[in-house]
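Trainee: Okay, here's the prediction I keep looking at, along with the sequence it came from:
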Amino acid sequence: MGSFKAVLRQCLMWVEGWFDVAFGPKWNPVYYLGSLGYFYFWVVAISGLYLYIFIDSGIPAAYLSVEYLTHDQWWLGGIMRSLHRYASDAMVVMVALHVIREFAFDRYRGSRWFSWVTGVPMLWLIVIAGITGYWLVWDTLAQYVAVASTELLDWLPVFGEPVARNFLAPSHLDGRFFTLLIFLHIAVPLVLLFIMWVHLQRVGHARTNPARGLAIGTFAMLLVLSIAAPATSHDMADLSQVPSPVNLDWFFLWMYPAADKAGPAVIWTGAFVGTFVLIIMPWLPPLRKRLPAIVNLDNCNGCSRCAADCPFNAISMTPRSDGTAFEFEATVDNDLCTSCGICVGSCPTATPFRRASDLVPGIDLQDPTLADVRHQIDKQASKLDGEGRVMVFGCDHALQVKKFGNDRTGVVSLPCTGMLPPSFIDYVLSRRLASGVVITGCRRGHCHFRLGHAWTEDRIAGIRDPRLRNRVPRERLTRFWASPTDGKAFAQHVSRFQATVSTLDTIEHCSRDVPETTATISEGEVVS
Amino acid sequence: MKQTLRLFGQLIIYSGFAAMLWYFSASPAYERVPPGSALIKLSFAHGADRTADCRERTYEELMELAPNMRAPMDCPRLRRDVAIRMKLDNEVVYDDLLAPTGIHGDGPSITYRRFPVPAGTFLLELGLRDSGRQEGYDYVSRKHISLKPGQSLAIDFHAGGTGFIFE
């Protein structure tokens, strides 16, 4: 399983890299798979509401109303119908990719089990919503889907009389059937929407909308596709005829040919076993949890920054329990904590300059503690020698920085880059432990803990507390957001940065009258 | 230049995704039955006779029952199996003994079968037994049918009516 995941990760990172080239990290659809699923859901919902105005129930009426929309009102109704179909297909693709990606990057175990497990019924509901939609058209495809669906259902020991008998001959069917179908086709997506809401309850700062540019682009794609290749119906259903051949929507209806080939027993067994396996996957095996963050009330002033920054809503602010004058204190829910350390990076008391007392911030990880991090920095700095000394702060889930350590490059790997309080950058540079600081972590939009990258950037840019002090020379700081496969580019980036800081050192050393330099390296991004 | 290349890259990716949506939303076509075939569907829900006749309860037996349970007739719930056989051009294509449904075996025997056949004319023979007889059938039907390509013939059964119904 591990090697399979590793291969999958490599493939996904390769694709991500190319998509980064085309879209840039801000619009890269790979970073918005879940958000795009939501986006397509809304396209389906809004177009569906419009179609509902015109759709009729009844044996010939249902078909004729869809034909009216498709041909007579092609300029809006037809486009809406096509948007409805293509967006629902796109939603299936996005959801499938979203599941694969979360699986490949191991983002379904530990405290993330809740989002994973609540996602499983959504898969069923999406399929059911799609299938009932195809019935409503009541063309020969709908006839095929209706007959094949009921034949599949009849394999289950649930119904006394075969449901498929309702489609035995034209005389067996009446218009009330469509009323039931319309109800199902509206009720199921509503339930789906509710579960979509539940799905995100343990996700802080959940992103349910793709970047605006990506949303515009993908909607334009759907619109052009709807105009260029509008969705059309087959001939009207006729139960005295065999609906064959049918142009299946393979995104939704692939299981029917599979049932014809393998039999309904295989399909149902696969569906139930697959669902069961998906549900228990977060515990196959359970994630070896790192020790959760702990609150040190002696240093917690209840500022709530940790609660605001936590990507998984693991921290809440509760009334003070130690009798001090502060109103609140941070409380960590151990079940939700992923031990990313982002809360530590957000804590204003997490400053390495303290020497009079132990380095114990208001909230800290147990492994590594912030004191451990400072100790590592000091230890690495003591080994550095020569010009162009840099201190690299890396992320355990991105490029493995330890292999880049040498006498000019100190390396400190953190659970997440977001654990690094900005004051540590100041610490390294103001104490001249190194001439430059390199921060590297997951690609933009691909942070293993979702928000480490974003919060780090915001803190450095001075738009999120705690902010990097103005006195820190920005030209001595560089960021490099990359995947584990970008080692070569990272080495080159560090090498160039070392040359730059070496030049800066020389300039500073030779002429203290020269206040500024033009030699800078700013942020780096690469793709493999 | 770089921006143009990026836009071009986006265009290719969007186009590829759109092409995938367009193609797989309606292709490739699927044929459930071979071209030129027709379909015979045999389905019914029919309760056979009960395994024993009803018996009138004696006065003493009735008095032993709760007042609301004193039905004068004692009828065993279990029904007999329904035997069904279908032959096409003298070849048996379906021969089965259908058990009654229900926990107590008092429900109808049900079946739903599909028989893809090449289009053409056939001698269709059907037999159904729902009584205690050991041989032969209580209901039989023998007729020539002509099926066109793509035609679907449904065969139902209603004991109270004409027996086998062809639609």
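Mentor: Right, received. Where do you want to start?

Trainee: and A:Ser522, what pLDDT?
Mentor: Model confidence at A:Ser522, given as pLDDT, is 50.

Trainee: and stretch B:104-119 with chain A, contact?
Mentor: Yes - Stretch B:104-119 lies within reach of chain A by CB under 8 Å from any CB of the partner chain, at B:107-108, B:110, B:112, B:114. Glycine gets a C-beta too; all of them are placed from N, C-alpha and C.

Trainee: and stretch A:348-355, how far apart are its ends?
Mentor: End-to-end distance of stretch A:348-355 (CA to CA, to the nearest Å): 16 Å.

Trainee: no, scratch that, I was asking about stretch A:287-299
Mentor: So stretch A:287-299: terminal residues 31 Å apart, CA to CA.

Trainee: Out of the residues of stretch B:104-119 next to chain A, name the ones that lie in strands.
Mentor: B:110, B:112, B:114 (DSSP state E).

Trainee: for chain B, what spans make up the strands?
Mentor: Using DSSP E, strands in chain B cover B:29-30, B:37-46, B:55-56, B:73-74, B:82-88, B:91-98, B:109-118, B:120-129, B:139-147, B:152-158, B:163-166.

Trainee: so for stretch A:402-415, what's the average pLDDT?
Mentor: 94.

Trainee: And it, how far out from the chain middle?
Mentor: Relative to the centre of its chain, stretch A:402-415 is centred 29 Å away, using CA atoms, centre = their mean, to the nearest Å.

Trainee: Dump that stretch to PDB, restricted to CA.
Mentor: In PDB, the C-alpha atoms belonging to stretch A:402-415 read as follows (Å, rounded to 0.1, in the frame of the first residue of the first chain):
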ATOM      1  CA  LYS A 402      18.200  17.300   6.000                       C
ATOM      2  CA  LYS A 403      20.200  15.800   3.100                       C
ATOM      3  CA  PHE A 404      21.100  19.400   2.100                       C
ATOM      4  CA  GLY A 405      23.000  20.100   5.300                       C
ATOM      5  CA  ASN A 406      26.700  21.000   5.000                       C
ATOM      6  CA  ASP A 407      29.200  23.400   6.500                       C
ATOM      7  CA  ARG A 408      27.500  26.300   4.800                       C
ATOM      8  CA  THR A 409      23.900  25.200   5.200                       C
ATOM      9  CA  GLY A 410      22.200  24.500   8.500                       C
ATOM     10  CA  VAL A 411      18.900  22.600   8.300                       C
ATOM     11  CA  VAL A 412      16.000  22.400  10.700                       C
ATOM     12  CA  SER A 413      13.000  20.400   9.700                       C
ATOM     13  CA  LEU A 414       9.600  21.200  11.300                       C
ATOM     14  CA  PRO A 415       6.300  19.300  11.200                       C
END
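
Trainee: Pull out the buried residues from that stretch.
Mentor: A:404-405, A:408-415 (16 or more other CB atoms under 10 Å in any protein chain shown).

Trainee: Identify the residues contacting it?
Mentor: Applying CB atoms under 8 Å, 6 or more residues apart in numbering or on different chains, the contact partners of stretch A:402-415 are A:290, A:339-341, A:365, A:368, A:373, A:376-377, A:380-381, A:383-397, A:400-401, A:420, A:433-434, A:449, A:487, A:490-491, A:494, A:498.

Trainee: Selecting buried members of those in ChimeraX, what would you type?
Mentor: Applying 16+ other CB under 10 Å to the contacts of stretch A:402-415 leaves a buried subset, and the ChimeraX line that selects it is:
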select /A:290,339,340,341,365,368,373,376,377,380,381,384,388,389,390,391,392,393,394,395,396,397,401,420,433,434,449,487,490,494,498
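
Trainee: Just the ones in strands from the contacts of stretch A:402-415, please.
Mentor: Going by DSSP E, the strands hold A:390-395 from these.

Trainee: quick check, nearest of these to chain B?
Mentor: A:Cys395 (26.9 Å; CB to the nearest CB).

Trainee: one step back: mind giving me a markdown table with the strands of chain B and columns for mean pLDDT and mean neighbour count?
Mentor: Formatted as a markdown table, these follow (pLDDT from 0 to 100; neighbours: other CB atoms under 10 Å in any protein chain shown):
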| stretch | mean pLDDT | mean neighbour count |
| --- | --- | --- |
| strand B:29-30 | 95 | 14 |
| strand B:37-46 | 93 | 21 |
| strand B:55-56 | 90 | 10 |
| strand B:73-74 | 88 | 11 |
| strand B:82-88 | 95 | 20 |
| strand B:91-98 | 94 | 13 |
| strand B:109-118 | 93 | 17 |
| strand B:120-129 | 94 | 18 |
| strand B:139-147 | 94 | 14 |
| strand B:152-158 | 93 | 20 |
| strand B:163-166 | 91 | 16 |
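
Trainee: With distance to A:His172 as extra columns, can I get those strands in CSV?
Mentor: Converted to CSV, the strands of chain B look like this (distance: least, CB to CB, whole Å):
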stretch, distance to A:His172
strand B:29-30, 24
strand B:37-46, 10
strand B:55-56, 38
strand B:73-74, 34
strand B:82-88, 20
strand B:91-98, 20
strand B:109-118, 12
strand B:120-129, 19
strand B:139-147, 19
strand B:152-158, 8
strand B:163-166, 11
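
Trainee: closest to chain B among the buried residues of stretch A:402-415?
Mentor: Looking across those and measuring by CB to the nearest CB, the closest to chain B is A:Phe404, at 28.7 Å.

Trainee: how close does the closest one sit to A:Arg9?
Mentor: 21 Å (CB to CB, to the nearest Å).

Trainee: Now for residue 136, how many residues are close by?
Mentor: No chain in the question, so chain A it is. 22 (other CB atoms under 10 Å in any protein chain shown).

Trainee: hm, I was asking about chain B
Mentor: With other CB under 10 Å as criterion, B:Gly136 counts 10.

Trainee: Please name the nearest non-neighbouring residue to it.
Mentor: B:Arg129 (7.1 Å; CB to CB, 6 or more residues apart in numbering or on different chains).

Trainee: Can you tell me how far the residue nearest to A:His448 when sequence neighbours are not counted is from A:Lys488?
Mentor: Spatial nearest neighbour of A:His448, chain neighbours left out: A:His397 (3.7 Å); criterion: CB to CB, 6+ apart. Using CB to CB, we find A:His397 at a distance of 19 Å from A:Lys488.

Trainee: same deal with A:Met80?
Mentor: Distance from A:Met80 to A:Lys488, by CB to CB: 50 Å.

Trainee: Can you pull the residues of the stretch 151-300 of chain A lying near chain B?
Mentor: So the stretch 151-300 of chain A meets chain B at A:151, A:154, A:160-162, A:164-165, A:168-171, A:217-218, A:220-222, A:224-225, A:229, A:231, A:239-251, A:256-257, A:260 (CB under 8 Å from any CB).
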